[in-house]
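*Asks:* Fold the following, please.
(one chain, ligands or ions: 3)
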Amino acid sequence: MTSAPQIQPKFLPGRHDLGVVAVGFSGGQPKGGVEAGPVAMIESGLITQLEEDLDFNVTYDGEVHSYSDLVPADDPDYRGMKKPKLVSAVTRQVSEQVYRHAKEGKLVLTLGGDHSIAMGTISGTAKAIRERLGREIAVIWVDAHADINTPETSDSGNIHGMPVAFLTGLATDKREDVFGWMKEDHRLSTKKLVYIGLRDIDKGEKKILREHGIKAFSMHDIDRHGIGKVMDMALGWIGSDTPIHLSFDVDAIDPMWAPSTGTPVRGGLTLREGDFICECVAETGSLIALDLVEVNPSLDAQGANDTVRAGCSIVRCALGDTLL
Ligand SMILES: NC(=[NH2+])NCCC[C@H](N)C(=O)O
Ligand SMILES: [Mn+2]
Ligand SMILES: [Mn+2]
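*Replies:* Ligands and ions are numbered 1, 2, ... in the order given. You can find the predicted model right below:
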């Protein structure tokens, strides 16, 4: 008996090929411990479940990458960004890792790590899908935060609050060692970006969202319409013929179920709403990549187990586990 999903993937020739990248990286924010997120999820049996229960043919190098060889000798703040050279070098490498899997037609699962790593994952799939299918990807960003600060609008200087700005080209830099490696073919259109779960957006971010007409469903929208209607609207905006990269920050889930994360915000998604979002994306058959980030087992030690479980559940749901 198997519970393998009966989803017909639209953009993946290797129907059940899954590339896994484990990114043990915390340099996009100041709190230690988020580099241990991937180990915690893998040790709880996630990869085995994907192979045995969901019948995926998993390609995983068996390593949680720490990228310690990429630590620069000096890394002063630049345009207010903290650890700019380190985050740039790590995300560049993640981009290449993800690109290789996606170029071969695999679905790519990346376990983080803080959300700065999405600069690597999304740039990698955007480039690979352009080359492989001549198509632009859409991104569904599930998060309490918009992570669209530019270096200039950010109050914290933490790069995990900026990945979307660089990915959409709203922030750029000429310095090759500070995200200058990101080129046009790595980028994402602001028209193909949809947020779900927002509830803690900085002033400068609100302005960016408004000025660029970026589609966003906040917790308020979810309360008003219900998660079912919101998912219809979100997927309707993207359209049924577009490859989807789902980037899921575990802090989108309410701290009641996922407290062990660096920037928890109350009033979030229920565990079921989080899983439901993923199930709806799985049903489309358009999923080409998934990130699960910001699980930090060392914060709120009591809730670490719940947070890891929530993360694993999100991954399984996005890969079709709970669909009949
Ligand atoms: N990936 C995250 N958890 N991001 C939190 C970002 C918080 C805040 N907006 C900042 O720019 O610092
Ligand atoms: Mn967040
Ligand atoms: Mn985030």
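*Asks:* buried residues in the top strand by length along the chain?
*Replies:* Counting residues, the longest strand found in the chain (DSSP state E) is strand 57-65. For strand 57-65, a neighbour-count test (16 or more other CB atoms under 10 Å) marks V58, T59, Y60, V64, H65 as buried. Backbone N, C-alpha and C define where each C-beta goes, glycine included.
*Asks:* Convert that strand to PDB, retaining C-alpha atoms only.
*Replies:* Only the C-alpha atoms of strand 57-65 are listed here, as PDB (Å, rounded to 0.1, in the frame of the first residue of the first chain):
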ATOM      1  CA  ASN A  57      12.900   9.100  -6.300                       C
ATOM      2  CA  VAL A  58      15.100  11.300  -4.100                       C
ATOM      3  CA  THR A  59      18.400  12.800  -5.100                       C
ATOM      4  CA  TYR A  60      20.100  14.100  -1.900                       C
ATOM      5  CA  ASP A  61      23.800  14.400  -1.300                       C
ATOM      6  CA  GLY A  62      23.300  13.400   2.400                       C
ATOM      7  CA  GLU A  63      24.800  16.700   3.600                       C
ATOM      8  CA  VAL A  64      23.500  19.600   5.500                       C
ATOM      9  CA  HIS A  65      25.600  22.300   3.900                       C
END
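*Asks:* Does anything pack onto it? Which helices or strands?
*Replies:* strand 17-23, helix 37-43, helix 46-52, helix 84-103 (3 or more CB pairs under 8 Å, 6 or more residues apart in numbering; DSSP states H and E).
*Asks:* a markdown table for the ones you listed, including distance to L133?
*Replies:* Formatted as a markdown table, the helices and strands packed on strand 57-65 follow (distance: least, CB to CB, whole Å):
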| stretch | distance to L133 |
| --- | --- |
| strand 17-23 | 16 |
| helix 37-43 | 28 |
| helix 46-52 | 24 |
| helix 84-103 | 10 |
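*Asks:* Go through the ones you listed and name the closest to M119.
*Replies:* M119 lies closest, by CB to CB, to one member of those: helix 84-103, at 4.1 Å.
*Asks:* Which SSE is immediately downstream of that closest one?
*Replies:* For helix 84-103, the following helix or strand on the C-terminal side (DSSP states H and E) is strand 107-111.
*Asks:* Pull up the gap between the residue in the stretch 51-200 of the chain positioned nearest to ligand 1 and ligand 3, please.
*Replies:* Nearest residue of the stretch 51-200 of the chain to ligand 1 (CB to the nearest ligand atom) works out as G161 at 2.3 Å. Separation of G161 from ligand 3 (CB to the ion, to the nearest Å): 8 Å.
*Asks:* contacting residues for the nearest residue to that residue once chain neighbours are set aside?
*Replies:* For G161, ignoring the flanking residues on the chain, the nearest one in space by CB to CB, 6 or more residues apart in numbering is N149 at 4.7 Å. Neighbour list for N149: D155, G161, M162, A165, D202, G204, E205 [criterion: CB atoms under 8 Å, 6 or more residues apart in numbering].
*Asks:* wait, what's in contact with the residue of the stretch 51-200 of the chain closest to ligand 1?
*Replies:* So G161 contacts Q29, H145, D147, N149, S154, D202 (CB under 8 Å, 6+ apart).
*Asks:* Please apply the same query to T263.
*Replies:* Neighbour list for T263: Q29, A144, H145, D200, D251, E294 [criterion: CB under 8 Å, 6+ apart].
*Asks:* Wait, T150 touches G169, no?
*Replies:* No. Between T150 and G169 there is no contact under CB atoms under 8 Å: 10.7 Å.
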